[in-house]
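Participant: for reference, the sequence and a predicted model appear below.
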Amino acid sequence: MNATPSPGPSGTHEHSGAGRSRDGALLEPQQAYAELGHLVVGETPLGEVLTRVAELAKGCVPGAEEVSVTLLEDDKPRSAAFTGRLAATLDERQYGAGFGPCIDAATGGQVVRVDDTSAAEQTYPDFAAIAAREGVHSSVSVGMPMPQRLLGGINVYKFDAVPLDADAVELLQIFAGYAAIAVANHALYASAVALSGNLQIAMQSRAVIEQAKGVLVASLHCTPDEAFAHLARQSQHANRKLRDIAAEIVERAAASGR
């Protein structure tokens with residue numbers, strides 16, 4: 001897939017300097033890795049985490065001009081973050097077609113290079129033609145080892161005639177590994193928060209069910225097991241959740257007590 005570089009179409013593009021130092025110099029990779037390690041502490045939304053991932057990749061990978069982050073969740077791809085509108089546009093064209101460098105890299109966890117969009121591209125001719133028309137000369141997509149049912153990749157687009165060299169691609173791969181850890185940690189944090197919330201709801205439900213059983217034991221002169229069976233029958237008969245039936249019984253008992 002590595003075509004011989006040749007002069008590509010020229011054009012003017014506005015590029016954000018986000019992720020670089022104030023004087024426009026590249027960030028040191030270790031600085032970018034360190035920031036990735038602190039992105040997921042707290043309740044930072046995933047979109048903000050991935051936006052910073054894209055900015056840091058652009059800031060530390062030599063030659064990266066536009067960067068996007070692709071996520072595939074339940075086989076549905078989307079550009080979760082990007083440093084320029086053109087990167088998102090090129091990604092979206094691939095999503096519409098159902099295949100392309102960014103999708104294949106995210107799905108297979110591989111490095112996918114298109115070194116010259118103006119040359120005869122055998123693997124991704126449609127993408128190459130569209131990219132060339134937009135002034136993009138080359139691209140590199142790197143898969144991220146992502147957790148559970150989430151897949152992802154980082155895509156780098158270049159406008160000049162020189163594709164990313166081997167060192168820059170290796171750096172991008174290392175960066176993608178750190179970024180994947182950040183996303184994995186974020187996913188684990190989100191799962192823990194959701195689990196905590198679900199456990200709290202479950203405990204509240206169990207408490208109200210126990211209260212309802214107590215009311216029924218007193219009013220029906222039955223055992224706790226019989227009271228629970230009574231609740232279950234009412235739930236099935238009314239096609240309503242057990243905890244809702246229990247809450248109504250407790251509320252009625254409280255109202256009659258008042």
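Facilitator: Sure thing, it's come through.
Participant: if I pick R78, what's in contact with it?
Facilitator: Going by C-beta atoms under 8 Å, 6 or more residues apart in numbering, R78 touches 70-72, 95. Using the backbone N, CA and C atoms, a C-beta is placed for each residue, glycine as well.
Participant: so what pairs up with it in the strands?
Facilitator: Here R78 sits in beta bridges with L71, going by DSSP bridges.
Participant: likewise R113?
Facilitator: Going by DSSP bridges, R113 forms beta bridges with V140.
Participant: now it: how far from G59?
Facilitator: According to C-beta to C-beta, to the nearest Å, R113 and G59 sit 21 Å apart.
Participant: so between the two, which is more surrounded?
Facilitator: A count of neighbours by other C-beta atoms under 10 Å puts G59 above the other of R113 and G59, at 26 against 21.
Participant: from the contact counts, what lies against the strand or helix carrying that one?
Facilitator: For G59, the host element (DSSP states H and E) is helix 46-60. Other helices and strands packing on helix 46-60, by 3 or more C-beta pairs under 8 Å, 6 or more residues apart in numbering; DSSP states H and E, are helix 29-38, strand 66-73, strand 76-82, strand 150-158, helix 166-220.
Participant: distance check, the residue nearest to S79 when sequence neighbours are not counted against K158.
Facilitator: Nearest non-adjacent residue to S79, counting by C-beta to C-beta, 6 or more residues apart in numbering: D91, 4.3 Å away. For D91, the distance to K158 (C-beta to C-beta) stands at 15 Å.
Participant: for the two, indicate the residue with more neighbours.
Facilitator: Ranked by neighbour count (other C-beta under 10 Å), D91 and K158 place D91 first, with 26 against 21.
Participant: which other residues reach the helix or strand hosting the more buried one?
Facilitator: Using DSSP H and E, D91 sits in helix 85-97. The contact list for helix 85-97 (C-beta under 8 Å, 6+ apart) reads 13, 66-68, 70, 77-79, 82, 100-103, 126-127, 130-131, 134, 136, 139, 155, 157.
Participant: any idea of the mean pLDDT for stretch 212-222?
Facilitator: Averaged across stretch 212-222, the pLDDT comes to 93.
Participant: just to revisit the earlier point, report the buried members of the contacts of helix 85-97.
Facilitator: 66-68, 70, 77, 79, 82, 100-103, 127, 130-131, 134, 136, 139, 155, 157 (16 or more other C-beta atoms under 10 Å).
Participant: and A128, how far from Y178?
Facilitator: From A128 to Y178 the distance is 30 Å (C-beta to C-beta).
Participant: have a look at those two and say which one is more surrounded.
Facilitator: A128 (24 against 19).
Participant: you'd agree the more buried one is up against V114?
Facilitator: Yes: counting by C-beta atoms under 8 Å, A128 does reach V114; the two are 5.9 Å apart.
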